[in-house]
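Q: Requesting a structural model of the entry that follows:
(one chain, ligands or ions: 1)
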Amino acid sequence: MSEYHFEAEIVGSSEVPKDHPRYESLVTREKIIEGMHQKIVAEAGLIAHGRGEAFDYILGEETPPFALNQERLAVIMLLLAEKPIISVNGNIAVLCPRELVMLSQLLEAPLEINLFYRKREREIAIEKVLKEAGAKEVFGIDPQNQSTIAEISHQRRIVDSRGIALADCVFVPLEDGDRTLALRKSEKNVITVDLNPLSRTSLAANVSITNNIVRAIPEMLQLAQTYRKMSSKELKEERKQFNNEKLLQEALVFMSSRLKEIANDKNIFEIL
Ligand code: PTJ
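A: Residues are numbered from 1 along each chain as shown. Take a look at the predicted model:
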């Protein structure tokens, strides 16, 4: 028997060694894979995750100052909204279900399952995850409460008549560009989290958070604790400090500067 023992985290059917230098990234990846086996995550969700990981490398896998400001603006907008809603898809349901439920409670913004790859079995699986994470009510699952958004094509137009249909501010992390544009055309404010600052969603949203969802949601929770104590007048004043377009430009400048710094770093190859 080998003398070498290692501690490992079991995610689904995989063992992730705790001493692996990329332990957290591997655990997150395994959660997405396991989520796909459980019909929570769409197959395309794996591809989306890989794209996100590549951009997160460029960010340095931590929250830069501009992203914290994007999160501040997002929380302020959600608190100022009359009918905010949080749209949940497969990826975010496996990555941060408890934090999503807590954010929903703090912001008084219901959770609505709204899938790009709409399948009944996935809706049911995601509802189960959210309920197990503490959600009392989940919109988007009851056929009796369906409504449609005219600007969206195919089945993706179906929304909950009590949720996205009525909402004035929709928080849609990891969203598709067409739907973001359609939601904007229907006069709703759209807030997204997308590691790619050049995606159509990032460019089309009213507020784009260029950060990993696994960091953004817990940080938004902390910010919500502070901002919810402010009056609408104070929040409106605070909102004036932030400009979405400027923050998105800062994201691009940050990423390009970081790549230049890395390219000039003589120690970059010394990983052994
Ligand atoms: O569960 P469904 O059916 O609603 O489908 C969800 C996905 C994500 C598969 C669907 O919306 C989709 O295909 O999205 P896209 O068009 O691939 O866009 C996803 C965006 O999210 C990409 O720009 C990724 O870079 C980004 N992304 C991926 N993982 C993360 C992320 N952004 C932030 N945090 C992440 N962890």
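Q: Spit out the contact partners of D56.
A: D56 makes contacts with 195, 212, as judged by CB atoms under 8 Å, 6 or more residues apart in numbering. Every C-beta, even on glycine, is put in place using the N, C-alpha and C of the backbone.
Q: Check the one 5 residues further on too.
A: Taking CB under 8 Å, 6+ apart as the definition of contact, the neighbours of E61 are 25, 212.
Q: Around the ligand, which positions in the stretch 51-200 of the chain sit nearby?
A: Residues of the stretch 51-200 of the chain that fall close to the ligand, judged by CB under 6 Å from any ligand atom: 51-52, 55, 89-91, 115-117, 174-176, 193-196, 199.
Q: Could I have the buried ones of the residues you listed as PyMOL selection syntax?
A: Buried members of those, defined by 16 or more other CB atoms under 10 Å, are picked up in PyMOL with:
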select buried, resi 52+55+89+90+91+115+116+174+175+176+193+194+195+196+199
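Q: now, which of the residues of the stretch 51-200 of the chain next to the ligand lie within strands?
A: V193 (DSSP state E).
Q: pLDDT weak spots in the chain?
A: Applying pLDDT under 70 to the chain picks out residues 1-8, 11, 13, 271-272.
Q: domains for it, by residue range?
A: 8-59, 65-254 (automatic domain parsing).
Q: Could you export these to JSON lines, including columns for distance to F269?
A: Compiled in JSON lines, the domains of the chain are given as follows (distance: least, CB to CB, whole Å):
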{"stretch": "domain 8-59", "distance to F269": "15"}
{"stretch": "domain 65-254", "distance to F269": "24"}
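Q: Could you look over the ones you listed and pick the most buried one?
A: Most buried of those by mean neighbour count (mean count of other CB atoms under 10 Å) is domain 65-254; its value is a mean of 19.
Q: got the contact list for the residue nearest to K236 when sequence neighbours are not counted?
A: Spatially, and ignoring its direct neighbours in sequence, K236 is nearest to L80 (6.8 Å; CB to CB, 6 or more residues apart in numbering). By CB under 8 Å, 6+ apart, the contact list for L80 reads 169, 232, 235-236, 239.
Q: And these, which is closest to the ligand?
A: Within the contacts of L80, proximity to the ligand (CB to the nearest ligand atom) peaks at C169, which comes in at 19.2 Å.
Q: my guess is the closest one meets I76, correct?
A: No - with contact defined as CB atoms under 8 Å, C169 does not reach I76; the gap is 10.7 Å.
Q: tell me the SS of E61?
A: With DSSP: H, G, I helix; E, B strand; the rest coil as the basis, the three-state label of E61 is coil.
Q: Pretty sure V170 sits in a helix.
A: No - according to three-state DSSP, V170 belongs to no helix; its state is strand.
Q: and it, bridged to which residues?
A: Taking DSSP bridges, one obtains I85, V190 as the residues bridged to V170.
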